[in-house]
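Student: Please work out how this folds:
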Amino acid sequence: MASLKKIISENVEGSFFVDSTCIDCDACRKIAPSSFVRGKGYSYVLKQPTSVREKMEAKQALISCPVGSIGMQEKESLVEAMESFPIDLGHDIYLNGFNHKSSYGADSYFIKSDLGNFMVDAPRFNKTLVKKMHEMGGLKFIFLTHKDDVADAKNYAREFGAKRIIHEDELSAQPDAEIVISGSGDTLIDDFIIMHTPGHTRGHMVLIWKEQYLFSGDHFAYSDIRGDWSCFKNVCWYNWEEQIESVERLARFPKITNVYPGHGRRNSVTPGEFPAIIQRVVAWMKT
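Tutor: Okay, here's the model as predicted:
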């Protein structure tokens, strides 16, 4: 739990606060951007929420903080905020929240498909979230982009009888996974395309649904710092040159309109613009 004894001095006065245990994962800033902003290696409260929507978002951010660094001085119920997950992002895609410390706060997604629901990476195992997922039809597959963001995937697989999908080069993170992808070619499951994208890690993969929606893990994202699409060389654990090549191969999907990363920002793309974005990002990566 967040502690007032460790409160960050930049927090504006009021109920919500962030303490010094913050790991700067960006989860709160993405969920409640009107309240939380980036400091020097941490988040803090710039503006106390006032509207109903802002208060809900701040509570959702508190719940999703992977290390419990967000607190409230005033006692208020979190039940409604907990039951708001997974959050509808449109297009039958949902944000799971309940970000996990072992994933450094990476986002996880729920995809509602007539052919069987997918979860992309995994959040903390939470009974309220599990209940909502059962109500939404359960899980058929759990797609794991790479070894960093598996979190509580095993518990969700057991709960729903779901099959975990992971690349053979990441298998140490889920050695009993039900579906193991090998090699570098694409894998098709229903209307999903699984693409091997080495770089961030050796066995990193991305998921593309209906050729429109890209779940990019830690491979590719929008950067609020750059104000443009980007990749993150400072956390490239395997090979930057291979990551450049992997990003470049994404240009073969011109219909992509939305990108949902684990780390970095979600954003939309003008139809037909994606190949040009990839060309721009690859040129920047090569510098």
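Student: what residue ranges in the stretch 151-287 of the chain score low on pLDDT?
Tutor: Applying pLDDT under 70 to the stretch 151-287 of the chain flags no residue at all.
Student: Run through the helices of it in chain order.
Tutor: 153-160, 240-248, 274-285 (DSSP state H, counting those that start in this stretch).
Student: Put the alpha carbons of the second one into PDB.
Tutor: Backbone C-alpha positions of helix 240-248 (Å, rounded to 0.1, in the frame of the first residue of the first chain) are rendered in PDB as follows:
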ATOM      1  CA  TRP A 240      18.800  -3.900 -32.100                       C
ATOM      2  CA  GLU A 241      19.600  -4.700 -35.700                       C
ATOM      3  CA  GLU A 242      17.200  -7.600 -35.700                       C
ATOM      4  CA  GLN A 243      14.600  -5.400 -34.200                       C
ATOM      5  CA  ILE A 244      15.000  -2.900 -37.000                       C
ATOM      6  CA  GLU A 245      14.500  -5.700 -39.500                       C
ATOM      7  CA  SER A 246      11.400  -7.000 -37.600                       C
ATOM      8  CA  VAL A 247       9.800  -3.600 -37.500                       C
ATOM      9  CA  GLU A 248      10.500  -3.100 -41.200                       C
END
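Student: Residue numbering should commence at 544 henceforth.
Tutor: Sure thing, new numbering starts at 544, so read that last one as helix 783-791.
Student: want to throw the helices of the stretch 694-830 of the chain into TSV with mean neighbour count and distance to residue 770?
Tutor: Using the backbone N, CA and C atoms, a C-beta is placed for each residue, glycine as well. As requested, the helices of the stretch 694-830 of the chain are arranged in TSV below (neighbours: other CB atoms under 10 Å; distance: least, CB to CB, whole Å):
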stretch	mean neighbour count	distance to residue 770
helix 696-703	18	33
helix 783-791	18	18
helix 817-828	16	12
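Student: quick one, what contacts residue 735?
Tutor: By CB atoms under 8 Å, 6 or more residues apart in numbering, residue 735 lies in contact with 661, 686, 750, 751, 752.
Student: thinking again about what came up before, residue 574 is nearest to which of the helices of the stretch 694-830 of the chain?
Tutor: With respect to residue 574, and counting by CB to CB, the nearest of the helices of the stretch 694-830 of the chain is helix 696-703 at 20.9 Å.
Student: Residue 560: what secondary structure?
Tutor: Three-state assignment for residue 560 (DSSP: H, G, I helix; E, B strand; the rest coil): strand.
Student: re earlier: please indicate which of the contacts of residue 735 has the highest neighbour count?
Tutor: Greatest neighbour count in the contacts of residue 735, by other CB atoms under 10 Å, goes to residue 686: 28 neighbours.
Student: just to revisit the earlier point, quick one: which two of the contacts of residue 735 are the most distant?
Tutor: 661 and 751 (11.6 Å).
Student: what domains does the record give for this protein?
Tutor: 547-624, 628-828 (automatic domain parsing).
Student: Can you measure across the longest one, start residue to end residue?
Tutor: Taking CA to CA, to the nearest Å, the span from the opening residue of domain 628-828 to its closing residue is 35 Å.
Student: same check, this time on stretch 604-623
Tutor: The first residue of stretch 604-623 is 13 Å away from its last residue (CA to CA).
Student: Same question for stretch 742-760.
Tutor: One end of stretch 742-760 to the other measures 12 Å (CA to CA).
Student: In that stretch, which residues are buried?
Tutor: 742-752, 756-760 (16 or more other CB atoms under 10 Å).
Student: hmm, back to that, now the helices of the stretch 694-830 of the chain in a markdown table, with distance to residue 568?
Tutor: Listed next are these as a markdown table, based on distance: least, CB to CB, whole Å:
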| stretch | distance to residue 568 |
| --- | --- |
| helix 696-703 | 18 |
| helix 783-791 | 21 |
| helix 817-828 | 23 |
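Student: Of all these, which one is nearest residue 802?
Tutor: Closest to residue 802 of these is helix 817-828 (CB to CB; 8.8 Å).
Student: report the angle between the axes of that closest one and helix 783-791?
Tutor: Counting by axes from the mean of the first three to the mean of the last three CA atoms, to 10 degrees, helix 817-828 lies at 160 degrees to helix 783-791.
Student: Nearest the geometric middle of the protein, what residue?
Tutor: Centroid-nearest residue in the chain, with CA atoms, centre = their mean: residue 650, separated by 2.0 Å.
Student: ok, that residue to residue 805 distance?
Tutor: Computed as CB to CB, to the nearest Å, the residue 650 to residue 805 distance reads 6 Å.
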